[in-house]
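>>> sequence and computational prediction follow.
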Amino acid sequence: MITIAIDGPSGAGKSTIAKLLAKKLDIMYLDTGAMYRCLGLKALKSDLDVKDEAAVKSMLDRTLVDVRYIDGVQKVFLDEVDVTSEIREHAVSKMASDISAVPCVRIKMAESQREIAKKRDCVLDGRDIGSYVLPDAKFKFFLTASAEVRACRRVKELAQKGQDLPYEQVLSDIMARDYNDSHRQIAPLVQVSDAVLIDSSFLSVDEVINKFLEVIGDKKRV
């Protein structure tokens, strides 16, 4: 069984790289961040106080998050509704970070991700894949980039979707999310000792993919 864990901060390009890598290797890609975004979206719509763990657990018990492939494209469903596009809105990103810090959420989502990874070869990206979800993953990577570069990328991405946010606000939000992700009580964002560090700040997508493939090829030969 091949399992590839890609961790790193928000905006480092994890999802883009994970999707392309899965396609090149002809294995499944599981967008774990989308699962947390679903919960963040529901919390936003419910005006839920994510600091109230009892309320979060109650919502969690009444929520169905599902990842499906339809015509070769990964779709994310929240309570049987396709929210693939909706969960990419900027406001959802911050709420996803907040709710992912709640212990019961982290435990529940990690269990779901492990069950999926047991069944087939796959690439998973997130904040705690190599450290918490799949500590025995065959290949582990930590993909990063400077906060400034990540903010620039995010501003362009949002603009393409018709969401115009100032660079300063996006940078501030990214830095706040970095802090939250690396300081949460359960499974914080961390580069584990056996993960290969790749900084994508000044690399093209193709260059990053090639670095991943080089590492995977080298390790397969060992």
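Nice, thanks for sending it over.
>>> please count neighbours and contacts with C-alpha atoms only from this point.
OK.
>>> pLDDT of stretch 215-222, averaged?
Averaged over stretch 215-222, pLDDT sits at 75.
>>> any weak-confidence spans in this structure?
Residue ranges of the chain with pLDDT under 70: 220-222.
>>> what segments of it are helices?
With DSSP state H, the ranges of helices along the chain come out as 14-25, 32-45, 53-61, 90-100, 103-119, 147-160, 167-183, 205-221.
>>> right, so those: which one is the most enclosed?
Ranked by mean neighbour count under mean count of other C-alpha atoms under 10 Å, the helices of the chain are led by helix 32-45, which reaches a mean of 22.
>>> so what does it touch, helix or strand wise?
strand 65-70, strand 73-78, helix 90-100, helix 103-119, strand 122-126 (3 or more C-alpha pairs under 8 Å, 6 or more residues apart in numbering; DSSP states H and E).
>>> tell me the angle that helix makes with helix 53-61.
With axes from the mean of the first three to the mean of the last three C-alpha atoms, to 10 degrees applied, the angle from helix 32-45 to helix 53-61 works out at 110 degrees.
>>> just the CA atoms of helix 32-45, as CSV, please.
Once non-C-alpha atoms are left out, helix 32-45 reads as follows in CSV (Å, rounded to 0.1, in the frame of the first residue of the first chain):
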residue,chain,number,x,y,z
THR,A,32,-8.5,16.4,4.0
GLY,A,33,-8.7,20.1,4.3
ALA,A,34,-12.0,20.1,2.4
MET,A,35,-13.4,17.9,5.2
TYR,A,36,-12.6,20.6,7.8
ARG,A,37,-13.8,23.3,5.5
CYS,A,38,-17.2,21.5,5.4
LEU,A,39,-17.5,21.7,9.1
GLY,A,40,-16.3,25.4,9.0
LEU,A,41,-19.0,26.2,6.5
LYS,A,42,-21.7,24.6,8.6
ALA,A,43,-20.5,26.4,11.7
LEU,A,44,-20.6,29.7,9.8
LYS,A,45,-24.1,29.1,8.5
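>>> much appreciated, bye for now.
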